[in-house]
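Q: Mind looking at a prediction? Sequence and model below.
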Amino acid sequence: MPKITINGKEIDFEKGMTVLQACELADVEIPRFCYHEKLSIAGNCRMCLVEMEKSAKPIASCAMPAAEGMNIKTNTQMVEKARKGVMEFLLANHPLDCPVCDQGGECDLQDQSLYYGVDKSRFVENKRQVKEKYMGPLIKTQMTRCIHCTRCVRFATEVAGVPEIGAIGRGENMEITTYLEKSMESELSANVIDLCPVGALTSKPYAFEARPWELKKTESIDVMDSVGSNIRVDTYNWEVKRILPRLNNEINEEWISDKTRYSCDGLLKQRLDVPYIKKNNKLYKSSWDEALELISKKFQEINPDEIAGHIGDMVGLENALAFKKLFNFIGSKNLEFREKKFYLNSDEKMNYIFNSSIQGIEESDLILLIGTNPRHEATMLNARIRKTYVRKKVPIYSIGDPGELTYDYQIIGKKTDDILKIIKKENDFSKKLLSSKKPIIIIGESALELKSGEYIFEEIKKFLKQNNFITKDWNALNVLVQNASTVGLADLKIFPNEKSDYTFFDKLNGGKFKFLYLLGSDNLEIKKTNEFVIYQGSHGDRGAEIADLILPSAAYTEQNSLYENLEGRVQECRKASYPIGESKEDWKIFNSIIKKLDQNNKNFKFELLREEVKEKIQNFTEINELPEKTLANIKDIKCEFISEKILIKPLDYYYSNSISRASKTMSECRQINQTVRKTG
């Protein structure tokens, strides 16, 4: 490996590194504003100046490639003077409004001016003032503070794939803007707030809410979709004030979607805080004793075969297992978690997870989407596909029309017949697929919902196995599920064992159930007739509207729980605040019900539930680790092929769950999005 000398210490570095990256290997901190390791190099802030032997002037370490034999010094008088000069220029037009700036306490400019700033200015010219820009309901602007680092411009162009932010004017007159001053049309837009090293772009919903040092910080995971993005939940007096991304290069890198970041205000709205009982078609506040008495009475009156339960999209594994234990106790097997009829084969783990892994997308050389829109169904996964497309120009194909995906792709068919041609090797795409080394096939729920859903999945799996695309080293078969709870509940077998068994839905639509227990289930389509409906959840949403009895439970930020993301990676969602009012954690409610039904029954404890969950999860390795890889078992399953159109069902992105539907910020985003579609 080549060597470089930094402050008299010789360091090995990899070819292609910059001087700044080499300095980081030597544990030398270099100040910077424009440089960001996930973005292209701009080299325009000049804060990272260092001294290089035989160079008359200091060099910008972020833009200078490291070379064998270089001698770099970062702590000389020349370097300090140069950095102080740069800081003086940066502060020449910067307003002195730190006390009212939301970036205060976590501002790069503030931190670095402490070391390189001076207590007086030599500039006598009037300070530059820039008109505020409109960037939508999420981003608050104060562009006079802008230091033209262009991080936001590069992020929008390179990562988000929506080049709506750019610069107009030159020199002192340069301004960062969205050109037409309209809202950014990206699901990743608010990441520019984290990237901005000054207070030019701050969070509009969080404005003047709290200071960083007042907040309690809890590391957790996101449950708005199946990706399981790593997040940090910041609370003030047990109220969730904001959600920020945590670095995890295997999942979300250091970005999160706008829905993940801003749905948190929905945690305070439309909350259920006491039990309710419906009397004379009106809901009345009740007590837990009265509610439990009614549940006990109904369970004893109704035949277990006529009792059904449905688990919603954001329920953790321990709570789901406790729910299953309750149903086992009363002798009912009518449990389901799917919100619609889509094919799911739970015989082995690889049948319902993203086997290539999110990080594995970067290794692929061909991507085929079948009946999926990853931009809305899994925003962070879509960002990873775009990253791979930008870096390697990987060819991307789609069967079905997903709409705008932030990267170029080719539609190679819109019917199931086109899948049949690929499997039978009758079209040009088959040749491209077979000649690739690491292809990725992503099957969405829209494809699995079709009458040919079983055929599509089983035949593609068989095709990939026969052509050595499912091996210990590489598995090209990927299922893109939409909900955070789906993979974990499939592992816990919270649905009929038969693959194509939709008896739950048939009985539900046929009015065969007399008792329906909805656990956090708001997206299941129900035509209520004479069923007695219990809704247990955190929000007064769709499930609560049809309920005869409402039990208030904790939201995902208010209880500890395990979740499995779409890769089958088990992650822990940690408690950041407490349940409001009289609401309880889900598993505690099931304990109370079982105790009411049988006084002699022992309560199950949370720790034991967690241990049992780990035992039941297929191919479980460790928390935060990918599941163990296995070779596919190919069974000769006779599947019916039906020629039909593959329609990718649109997802109401900003209103996909009960928390986002309660969020005022998500409502504003949705309204703007709909307006843009109508006018655009």
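A: Cool, got the structure. All values reported here derive from a predicted model rather than from experimental measurement.
Q: low pLDDT regions in this structure?
A: 497-501, 676-680 (pLDDT under 70).
Q: For the stretch 501-650 of the chain, which segments count as helices?
A: 503-509, 542-545, 586-597, 606-616 (DSSP state H, counting those that start in this stretch).
Q: Please apply the same query to the stretch 301-450 of the chain.
A: Using DSSP H, counting those that start in this stretch, the helices of the stretch 301-450 of the chain run over residues 317-330, 374-377, 379-392, 416-423, 428-435, 445-448.
Q: So which of the helices of the stretch 501-650 of the chain is nearest Ile399?
A: Proximity to Ile399 (C-beta to C-beta) singles out helix 503-509 among the helices of the stretch 501-650 of the chain, at 25.8 Å. Backbone N, C-alpha and C define where each C-beta goes, glycine included.
Q: and the closest one, what does it pack onto?
A: Helices and strands touching helix 503-509, by 3 or more C-beta pairs under 8 Å, 6 or more residues apart in numbering; DSSP states H and E, are strand 307-311, strand 334-336.
Q: Give me the distance from that helix to the chain's centre.
A: 32 Å (C-alpha atoms, centre = their mean, to the nearest Å).
Q: For it, buried residues please.
A: In terms of neighbour count (16 or more other C-beta atoms under 10 Å), helix 503-509 has its buried residues at 504-505, 507-508.
Q: Among those residues, list the two that are farthest apart in space.
A: Pairwise distances across these (C-beta to C-beta) peak at 7.5 Å, for the pair Phe505 and Lys507.
Q: Could you dump the helices and strands packed on helix 503-509 into CSV with mean neighbour count added?
A: Formatted as CSV, the helices and strands packed on helix 503-509 follow (neighbours: other C-beta atoms under 10 Å):
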stretch, mean neighbour count
strand 307-311, 25
strand 334-336, 22
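Q: who wins for proximity to Ile637 among these?
A: Of all the helices and strands packed on helix 503-509, it is strand 334-336 that lies closest to Ile637, at 21.8 Å by C-beta to C-beta.
Q: ok, the closest one: who's next to it in the sheet?
A: Strand 334-336 has the following sheet partners, assigned by DSSP bridges: strand 307-311 (parallel).
Q: The partner strand to helix 317-330, inter-axis angle?
A: Strand 307-311 runs at 180 degrees relative to helix 317-330, counting by axes from the mean of the first three to the mean of the last three C-alpha atoms, to 10 degrees.
Q: all numbers from here: first residue = 278
A: That works, and once the first residue is 278, the last one we named lands at strand 584-588.
Q: Compute the inter-axis angle for strand 584-588 and helix 863-874.
A: Using the same axes, to 10 degrees, strand 584-588 lies at 170 degrees relative to helix 863-874.
Q: Other residues contacting strand 584-588?
A: 576, 597, 600, 604, 607, 609, 611-614, 762, 766, 771, 781, 784-785, 790-798, 801 (C-beta atoms under 8 Å, 6 or more residues apart in numbering).
Q: 7 Å - rerun?
A: 597, 600, 604, 607, 609, 611-614, 762, 766, 771, 781, 785, 790, 792-798, 801 (C-beta atoms under 7 Å, 6 or more residues apart in numbering).
Q: Please enumerate the strands of the stretch 828-957 of the chain.
A: For the stretch 828-957 of the chain, the strands defined by DSSP state E, counting those that start in this stretch cover 838-841, 847-850.
Q: quick one: the residue nearest to Ala831 when sequence neighbours are not counted from Glu921, how far?
A: Nearest non-adjacent residue to Ala831, counting by C-beta to C-beta, 6 or more residues apart in numbering: Pro856, 3.9 Å away. Pro856 sits 46 Å away from Glu921, going by C-beta to C-beta, to the nearest Å.
Q: Of the two, which one has the most company?
A: Using other C-beta atoms under 10 Å, the more surrounded residue of Pro856 and Glu921 is Pro856, with 21 against 12.
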